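Enquirer: Attaching a predicted model along with its sequence, questions to come.
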Amino acid sequence: MRNSKVFSLVLVSIFAALTAIGAFIKIPLPVVPFTLQIVIVYLAGSILGSKRALQSQLVYILVGLAGLPVFTQGGGFTYVLQPTFGYLVGFAVGAFVIGYIIERGGEEPSRLRFVVANLAGTFVIYAIGAPYVYFALNFWLDMPTSASKVFMMAFASTVGVDIVLAILTGLFAKRIYFILNKKMMNVLEVTK
């Protein structure tokens with residue numbers, strides 16, 4: 001039992017670190033800079049399950065709020081005032097939702113379930129992140145911005161890419177899920 005807890009902590013830590021690394025792997029887009037964080041969130045939810053995926057994202061957020069510069073624009077507690085902080089909260093909730101949907105798929109979730117879970121996670125991320133951008137700009141940062149401009153900037157300009165990534169990651173994640181689960185079972189059996 002202790003070994004499985006240690007293994008879980010290692011996986012949570014690895015995905016927290018991968019999320020931080022993903023924040024700095026940028027793909028240039030015309031309006032909003034795009035990072036690979038969302039792919040890591042999809043993989044965390046797909047592979048770790050709901051609880052560990054949520055934990056990995058919360059560890060990442062807490063490390064950044066503690067002051068380590070793991071967010072795309074630094075770190076520290078005042079980062080909660082940044083318009084993009086809502087997406088980080090969305091990552092945590094989205095990773096949980098992805099894992100939850102996949103866990104409900106039985107022992108052998110289908111590729112379709114992985115894709116649907118990632119698309120649901122995308123919806124959750126944007127449902128939290130885009131309104132946060134609006135409120136941060138208009139109320140905290142005193143940068144009056146219309147809802148339609150925020151919609152274009154924080155949703156319409158990036159959601160298409162994220163949907164494609166959700167689908168591709170869902171198709172790819174099924175294979176990793178089964179490989180990693182077999183390896184985890186072997187590790188846990190050996191360490192008993």
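Expert: Cool, the structure landed. Numbers count the residues shown, from 1 in each chain.
Enquirer: if I look at the most centrally placed residue in the chain, how far off is A23?
Expert: Centroid-nearest residue in the chain, with CA atoms, centre = their mean: V41, separated by 2.6 Å. Distance from V41 to A23, counting by CB to CB, to the nearest Å: 11 Å. Quick note: C-beta positions are derived from backbone N, CA and C, even for glycine.
Enquirer: for the chain, what spans make up the strands?
Expert: Assigned strands in the chain, in chain order: 26-27, 34-35 (criterion: DSSP state E).
Enquirer: Looking at those, which is nearest to A173?
Expert: Smallest distance to A173 across the strands of the chain (CB to CB): 18.5 Å, for strand 34-35.
Enquirer: Mind giving me the packing neighbours of the closest one?
Expert: With contacts defined as 3 or more CB pairs under 8 Å, 6 or more residues apart in numbering; DSSP states H and E, strand 34-35 has these neighbours: strand 26-27.
Enquirer: So in that sheet, which strands flank the strand it packs on, and in what orientation?
Expert: Neighbouring strands of strand 26-27 in its sheet, by DSSP bridges, are strand 34-35 (antiparallel).
Enquirer: pLDDT value on K183, please?
Expert: The score at K183 is 63. That number is its pLDDT.
Enquirer: Nearest residue to P69 in space, please, no chain neighbours.
Expert: Distances taken as CB to CB, 6 or more residues apart in numbering put G75 closest to P69, at 4.4 Å, once the chain neighbours are dropped.
Enquirer: Measure how buried the one you found is and give me the count.
Expert: G75 has 16 neighbouring residues, counting by other CB atoms under 10 Å.
Enquirer: Contact partners for it?
Expert: Neighbour list for G75: 63-69 [criterion: CB atoms under 8 Å, 6 or more residues apart in numbering].
Enquirer: Just the mean pLDDT for stretch 55-75, thanks.
Expert: Mean predicted lDDT for stretch 55-75 stands at 95.
Enquirer: mind listing what's buried in that stretch?
Expert: Using 16 or more other CB atoms under 10 Å as the test for burial, stretch 55-75 gives 55-61, 63-65, 70-72, 75.
Enquirer: Can I get those residues in TSV including distance to I167?
Expert: Below are the buried residues of stretch 55-75 laid out as TSV (distance: CB to CB, whole Å):
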residue	distance to I167
Q55	26
S56	22
Q57	21
L58	26
V59	27
Y60	24
I61	26
V63	30
G64	28
L65	32
V70	27
F71	27
T72	24
G75	32
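Enquirer: Return the closest of these with respect to G86.
Expert: I61 (11.5 Å).
Enquirer: and the nearest residue to that closest one once chain neighbours are set aside, how many residues sit next to it?
Expert: In space, and not counting its chain neighbours, I61 is closest to L88: 5.5 Å by CB to CB, 6+ apart. A count of neighbours around L88, defined by other CB under 10 Å, yields 27.
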